[in-house]
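In: Prediction below, plus the sequence it came from.
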Amino acid sequence: MPRWNLNYMKLRDKLLLMYVLSVFIPIVVTNVVFYNVTSANIRSQKTRDAGMALNNLKNDLRVTIDQGVGLSYSLYTDPVFNDTISRSFQSHFEYIDAYNSYLKGQFSGQLNQGIRWYQVYTDNSTILSSGYIDRLTDVVRSSNWYVQFQAYTAPYPALISSDQMLSLVQRLDNLDTGGREQLLKIDLNMDMIKQYFHNSGFDGKVYLLDPGGHIQFSNDPTAEAQIGKRYSEIQFPNKMIPFELTYTGINYLEGWSLHGVMDEEIVLKEVRKSRSFVVWLACINFVLPSIIIAAMSRSIHVRLVRILKHMKKVKTQNFQTIPPEDARDEIGQLTMEFNRMTETIHNLIHEVYLADIQKKDLELKQQQAQLHALHSQINPHFLFNTLESVRMRSLIKGEKETAKIVHNMAKMFRKSISWNQNDVTVKEELELIESFLQIQKYRFGEKLQYTIEADPAVLMYRIPKMVILPFVENASIHGIESSPGVGIIQLFVSMENDQLHIRLTDNGIGMTQAKLEELLSYLDQNTDMGEHVGMKNAYSRLKLCYKNHFTFDIQTWEGEGTRIQIKLPLDPSAMPGD
């Protein structure tokens with residue numbers, strides 16, 4: 001394979017290649033690098049902004065929760081309040097009096113923006129349900145928030161999510177309650193928390209997770225279906241930027257966390273818009289200069305092609321000059337010199353060489369006529385007709401065996417003059433071999449025995465003509481002739497695994513290993529051994545027709561005989577052509 005060379009390229013292609021390598025590719029690479037750097041910077045800036053927005057949301061959420069915690073601690077540490085709700089009242093009037101004189105004023109003014117409602121629950125049967133104080137009944141104990149709270153034993157408030165509500169629940173057991181169960185439940189202002197989430201400035205979805213990793217609140221429109229589901233079970237697209245902020249060092253918020261997910265496509269939306277601009281700019285940078293280069297190179301390319309065409313005409317002795325043009329550049333000067341050179345060569349040929357060529361042509365025709373006369377004397381038709389005459393004379397004289405042999409020779413000559421194609425059927429090849437072996441049997445007599453067996457299924461397949469006969473001839477002449485005993489030649493033709501199997505065996509004198517290696521080397525190379533020319537010719541034609549799609553194998557035993565095996569493909573695509 002020839003090595004690539006810059007000089008093999010056309011001038012127009014060289015100009016385009018020079019532009020592509022020197023201008024277009026550097027511009028495209030610069031734009032791509034600039035685009036990627038800009039995308040990385042914007043992504044980094046958006047990530048920082050999103051992190052700050054999520055951190056602000058975390059702080060706002062803590063401030064709201066701290067308002068509830070402050071109320072919880074104020075009631076938890078109030079000894080008078082705790083003593084009042086845990087005291088056994090003698091009558092309802094006594095409780096009402098205590099409620100009006102202290103408890104009512106204690107609860108007034110406790111609500112703020114972060115607290116939607118709060119309720120004190122106690123199982124003190126002497127207390128009436130009124131205002132912010134309610135009886136701790138079995139219905140309350142079966143509620144979801146109460147069941148969740150039973151898992152907490154710490155003295156500080158527990159943040160619990162129940163019925164799409166965030167609540168702070170704390171036991172009022174700072175002082176002796178006389179065995180009574182007293183709870184404070186503070187419901188946070190969910191409208192304010194929703195406002196925090198929606199106005200956080202985080203360009204994505206935010207999830208509030210409890211210590212168990214379950215989603216308790218989110219700004220996701222589908223958040224209602226996700227409440228209570230584990231955050232790890234949610235499937236997000238691959239190109240998502242995750243954020244995570246966890247509350248640490250705060251006992252009542254320990255383990256709670258904020259998770260944010262931002263779509264990278266949304267983050268880089270504005271940058272993505274410029275991608276099409278980069279593509280269009282690259283196309284313009286390529287198409288417009290290509291048109292300019294093509295237009296400028298055309299004046300060079302067209303004229304060079306015209307000179308090349310006229311040079312090829314000169315090669316065929318057509319000395320036509322190039323029409324003159326008004327051009328002063330290098331190609332115009334080259335055109336003028338080519339016309340001058342063409343006219344000079346044309347004059348020289350007519351004046352000096354033409355007469356000599358005509359004389360030599362006349363001599364060559366005379367030699368061809370003489371050769372044709374010689375050929376007519378040894379025409380195969382003449383030989384065939386002569387053999388037919390000899391055969392007819394032998395029959396008239398009663399020499400049937402001689403007539404039969406002459407008939408076989410005539411058949412072989414008839415095949416040689418009638419086979420106008422490069423390939424024949426297996427049947428035709430075997431008929432030719434049969435005629436040859438009949439002639440050899442006439443020569444050797446009973447010393448030669450032969451068998452030809454062929455599978456009827458392969459008789460109509462086509463093979464290169466006379467590729468088996470040379471090996472049969474070699475077996476009879478070189479193998480059987482020098483053998484002292486009866487010579488046996490066996491030819492088998494069959495079909496196996498879509499291949500034509502040809503096996504030829506004889507019990508002749510065989511060959512030594514050195515002689516076999518010499519023969520194989522002769523078949524594969526252009527060496528000359530002085531004999532086996534027919535085998536060399538047959539083997540060369542097999543290689544020419546089948547290339548590497550056939551196998552050829554010779555096995556020989558000195559003093560015992562030789563076996564030749566040939567396998568040809570039966571695939572029509574591998575068959576030799578006419």
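Out: In hand now; what should we look at? Numbers count the residues shown, from 1 in each chain.
In: Now do the contacts for residue 201.
Out: Residues near residue 201 by CB atoms under 8 Å, 6 or more residues apart in numbering: 49, 53, 56. C-beta coordinates here come from the backbone N, C-alpha and C atoms, glycine included.
In: Please produce a ChimeraX select command covering the buried subset of those residues.
Out: Remark: buried members of these, expressed as a ChimeraX selection using 16 or more other CB atoms under 10 Å:
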select :53
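In: Which of the contacts of residue 201 fall within helices?
Out: 49, 53, 56 (DSSP state H).
In: Apart from its chain neighbours, what residue comes closest to the last one?
Out: Of all residues not flanking residue 56 in the chain, residue 200 sits nearest, at 6.7 Å (CB to CB, 6 or more residues apart in numbering).
In: backbone phi and psi for that neighbour, please?
Out: Phi and psi for residue 200, reported as degrees, to the nearest 10, are phi -70, psi -20.
In: Then residue 137?
Out: Dihedral angles of residue 137 (phi, psi; degrees, to the nearest 10) stand at phi -100, psi 180.
In: could I get the ones in helices among the contacts of residue 201 as JSON lines with pLDDT?
Out: What follows is the ones in helices among the contacts of residue 201, written out as JSON lines (pLDDT from 0 to 100):
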{"residue": "49", "pLDDT": "84"}
{"residue": "53", "pLDDT": "87"}
{"residue": "56", "pLDDT": "91"}
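In: I'd like those residues as JSON lines, with distance to residue 234 appended.
Out: Converted to JSON lines, the ones in helices among the contacts of residue 201 look like this (distance: CB to CB, whole Å):
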{"residue": "49", "distance to residue 234": "24"}
{"residue": "53", "distance to residue 234": "21"}
{"residue": "56", "distance to residue 234": "24"}
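In: quick one: which of the residues you listed is nearest to residue 537?
Out: residue 49 (87.2 Å; CB to CB).
In: Against residue 219, how distant is that closest one?
Out: Separation of residue 49 from residue 219 (CB to CB, to the nearest Å): 17 Å.
In: Can you tell me the SS state at residue 63?
Out: helix (DSSP: H, G, I helix; E, B strand; the rest coil).
In: That one and residue 52: what is the separation?
Out: In terms of CB to CB, residue 63 sits 17 Å off from residue 52.
In: And for residue 232?
Out: In terms of CB to CB, residue 232 sits 26 Å off from residue 52.
In: same question, residue 30
Out: Separation of residue 30 from residue 52 (CB to CB): 33 Å.
In: go on, residue 497?
Out: Remark: distance between residue 497 and residue 52 (CB to CB) = 77 Å.
In: who has more neighbours, these two?
Out: Using other CB atoms under 10 Å as the criterion, residue 497 and residue 52 rank with residue 52 on top: 12 against 7.
In: Please, which helix or strand holds the residue nearest in space to the middle of the chain?
Out: For the chain, the residue nearest the mean C-alpha position is residue 238 (23.2 Å; CA atoms, centre = their mean). Assigned by DSSP states H and E, residue 238 belongs to no helix or strand.
In: Pretty sure residue 320 sits in a helix.
Out: No. With three-state DSSP as the criterion, residue 320 is assigned coil and is not in a helix.
In: Give me the neighbour count for the residue lying closest to it once chain neighbours are set aside.
Out: Leaving aside its sequence neighbours, residue 320 sits nearest to residue 313 (CB to CB, 6+ apart; 5.6 Å). Applying other CB under 10 Å, we find 14 residues neighbouring residue 313.
In: so what does whichever strand or helix holds residue 313 touch, helix or strand wise?
Out: Using DSSP H and E, residue 313 sits within helix 269-315. Applying 3 or more CB pairs under 8 Å, 6 or more residues apart in numbering; DSSP states H and E, one finds that helix 269-315 contacts helix 11-19, helix 25-76, helix 330-348.
In: which other helices and strands contact the first one?
Out: For helix 11-19, the elements it packs on are helix 269-315, judged by 3+ CB pairs under 8 Å, 6+ apart.
In: could you give the angle of the helix it packs on to helix 330-348?
Out: Per axes from the mean of the first three to the mean of the last three CA atoms, to 10 degrees, the angle that helix 269-315 makes with helix 330-348 is 20 degrees.
In: where does helix 269-315 sit relative to the chain's centre, distance-wise?
Out: Remark: helix 269-315 is offset 31 Å from the chain centroid, using CA atoms, centre = their mean, to the nearest Å.
In: Next, the angle helix 11-19 makes with that helix.
Out: Using the same axes, to 10 degrees, helix 269-315 lies at 150 degrees relative to helix 11-19.
In: Can you list the residue ranges for helices in the stretch 451-578 of the chain?
Out: 469-474, 513-524, 533-546 (DSSP state H, counting those that start in this stretch).
In: just so I know, which of the ones you listed lies nearest residue 26?
Out: With distances scored as CB to CB, the stretch of those nearest to residue 26 is helix 533-546 (53.0 Å).
In: can you pull the buried residues of the closest one?
Out: Buried residues in helix 533-546 (16+ other CB under 10 Å): 534, 535, 536, 538, 539, 541, 542, 545, 546.
In: Return the closest of those with respect to residue 69.
Out: residue 546 (94.5 Å).
In: where's the closest one relative to residue 566, distance?
Out: The spacing between residue 546 and residue 566, counted by CB to CB, is 10 Å.
In: Looks to me like residue 119 is in a strand.
Out: Yes. Counting by three-state DSSP, residue 119 is located in a strand.
In: Give the bridge partners for it, please.
Out: Beta-bridge partners for residue 119, by DSSP bridges, are residue 185.
In: how close does it get to residue 146?
Out: 12 Å.
In: Mind checking which of these two has more residues around it?
Out: Comparing residue 119 with residue 146 by neighbour count (other CB under 10 Å), the higher total belongs to residue 146, at 18 against 15.
In: ok, now which ones touch that one?
Out: The contact partners of residue 146, by CB under 8 Å, 6+ apart, come to 140, 183.
In: what kind of secondary structure is it in?
Out: Here residue 146 is recorded as helix under three-state DSSP.
In: thinking residue 516 is in contact with residue 554, fair?
Out: Yes. If you go by CB atoms under 8 Å, residue 516 and residue 554 touch, sitting 6.4 Å apart.
In: Give me the phi and psi angles of the closest residue to residue 173 other than its chain neighbours.
Out: Nearest-residue entry for residue 173: residue 182, 6.8 Å, with adjacent residues in sequence omitted and distances by CB to CB, 6+ apart. Dihedral angles of residue 182 (phi, psi; degrees, to the nearest 10) stand at phi -130, psi 130.
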